[in-house]
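Participant: 3D, please:
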Amino acid sequence: TAALVLIEPDLATSVTYFFIFFAITYGVGAPREILIPLILVPLSALFSIHPLLIVILFVGTFVYLKLRNFSPFIILINLFLILTVSLSTPIIWKKGLKEYQKQRLTAFLAPEKYKNREAWQIYQAQIALGSGGLTGKGLGKGTQKGLAFLPAAHTDFIFTSFGEEFGFLGTSFLLLLYSLFLVFILKLTQRTGRYHKGILLGIWGYFFYHYALNMAANVSLFPVAGIPLPFMTFGGSHIIVEFIMLSMLFRILKEEA
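Facilitator: All right, here's what the predicted structure looks like:
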């Protein structure tokens, strides 16, 4: 499924499946032999920006696995994984990513340089969020959204649009609601069986990934990836998925009551 989504192409959404899988495997107590490669893959891709970082990751992984008494075979597999991912990442950047995906990354790394082009969304999002102040401009009174300075105000930048109209207090309340929802799911996993725990952790992974990436992109802490904000972003398919997950959550609540 993740491969089909990646081919679409939708890189950020395909990573959702990886994050859900990691949340489930980690939460149900999967062996370290499975968890370590899942951690090394994104780290290797990230550290590939500089050879020194790759060396540090390579040596650090070797020392850690050796001290933890992993078998030579497991050590070799993980070291080979680091080399494979780190060496293939530049090739994927040049030949695998679409041009718009490269533009989003370059705009994130140098927003001031590209603020009139690729980073226009990021720049306008900062203006909109900052102009909301403490209490916001009021429902429907956002100027950056209303005058169409903020692109995708109903989708990718719905959090920024909300912040402009409801201010710091409104966004803080929204963050509190989301946090309580995520904590509630984690608390529920502590009193369920292994099967239900796996389902709940998958639901938690989905919502945490979407909350974190959407909001981080809105405040310029992460490249714009087109990840929807659950229950707020305009759209059809993701809303359906989210309510299906809610129905699963309520079903588990009923069975575990």
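Participant: tell me the secondary structure of Thr192, please.
Facilitator: coil (DSSP: H, G, I helix; E, B strand; the rest coil).
Participant: ok, the residue nearest to it when sequence neighbours are not counted - how many residues close by?
Facilitator: Spatial nearest neighbour of Thr192, excluding adjacent residues (C-beta to C-beta, 6 or more residues apart in numbering): Glu256 at 5.4 Å. Quick note: C-beta positions are derived from backbone N, CA and C, even for glycine. Applying other C-beta atoms under 10 Å, we find 12 other residues in the vicinity of Glu256.
Participant: return the distance of Glu256 relative to Thr25.
Facilitator: For Glu256, the distance to Thr25 equals 22 Å [C-beta to C-beta, to the nearest Å].
Participant: next one: Gly133
Facilitator: In terms of C-beta to C-beta, Gly133 sits 43 Å off from Thr25.
Participant: now do Glu164
Facilitator: On the measure of C-beta to C-beta, Glu164 and Thr25 end up 39 Å apart.
Participant: who has more neighbours, these two?
Facilitator: Between Glu164 and Thr25, Glu164 has the larger neighbour count (other C-beta under 10 Å), namely 30 against 16.
Participant: what comes up buried for the strand or helix carrying the more buried one?
Facilitator: Assigned by DSSP states H and E, Glu164 falls within helix 158-189. Within helix 158-189, the residues that count as buried by 16 or more other C-beta atoms under 10 Å are 158-167, 170-171, 174, 178, 181-182, 185, 188-189.
Participant: stretch 188-202 too?
Facilitator: Residues of stretch 188-202 classed as buried: Leu188, Thr189, Thr192, His196, Lys197, Gly198, Ile199, Leu200, Leu201, Gly202 (neighbour count, 16+ other C-beta under 10 Å).
Participant: these two touch, right, the first one and Ile203?
Facilitator: No. With contact defined as C-beta atoms under 8 Å, Leu188 and Ile203 do not form a contacting pair (9.7 Å).
Participant: overlap of the contact sets of those two?
Facilitator: Counting by C-beta atoms under 8 Å, 6 or more residues apart in numbering, the contacts common to Leu188 and Ile203 are Leu249.
Participant: this protein: helices as residue ranges?
Facilitator: 2-7, 11-27, 32-47, 51-67, 72-91, 99-109, 120-131, 143-146, 158-189, 194-218, 237-256 (DSSP state H).
Participant: indicate which one of those helices is closest to Gly226.
Facilitator: Of all those, the one in closest proximity to Gly226, counting by C-beta to C-beta, is helix 11-27 (5.9 Å).
Participant: then that closest one to PDB, C-alphas only?
Facilitator: Output of helix 11-27 as PDB, limited to C-alpha atoms (Å, rounded to 0.1, in the frame of the first residue of the first chain):
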ATOM      1  CA  LEU A  11       5.900  10.800  -0.400                       C
ATOM      2  CA  ALA A  12       4.600  12.300   2.900                       C
ATOM      3  CA  THR A  13       1.500  10.100   3.000                       C
ATOM      4  CA  SER A  14       3.400   7.000   2.200                       C
ATOM      5  CA  VAL A  15       5.600   7.700   5.200                       C
ATOM      6  CA  THR A  16       2.400   7.500   7.300                       C
ATOM      7  CA  TYR A  17       2.400   3.700   6.900                       C
ATOM      8  CA  PHE A  18       6.000   3.500   8.100                       C
ATOM      9  CA  PHE A  19       5.200   5.600  11.200                       C
ATOM     10  CA  ILE A  20       2.100   3.600  12.000                       C
ATOM     11  CA  PHE A  21       4.100   0.400  11.700                       C
ATOM     12  CA  PHE A  22       6.800   1.700  13.900                       C
ATOM     13  CA  ALA A  23       4.300   2.900  16.600                       C
ATOM     14  CA  ILE A  24       2.700  -0.600  16.600                       C
ATOM     15  CA  THR A  25       5.900  -2.600  16.700                       C
ATOM     16  CA  TYR A  26       7.500  -0.400  19.400                       C
ATOM     17  CA  GLY A  27       4.400  -0.300  21.500                       C
END
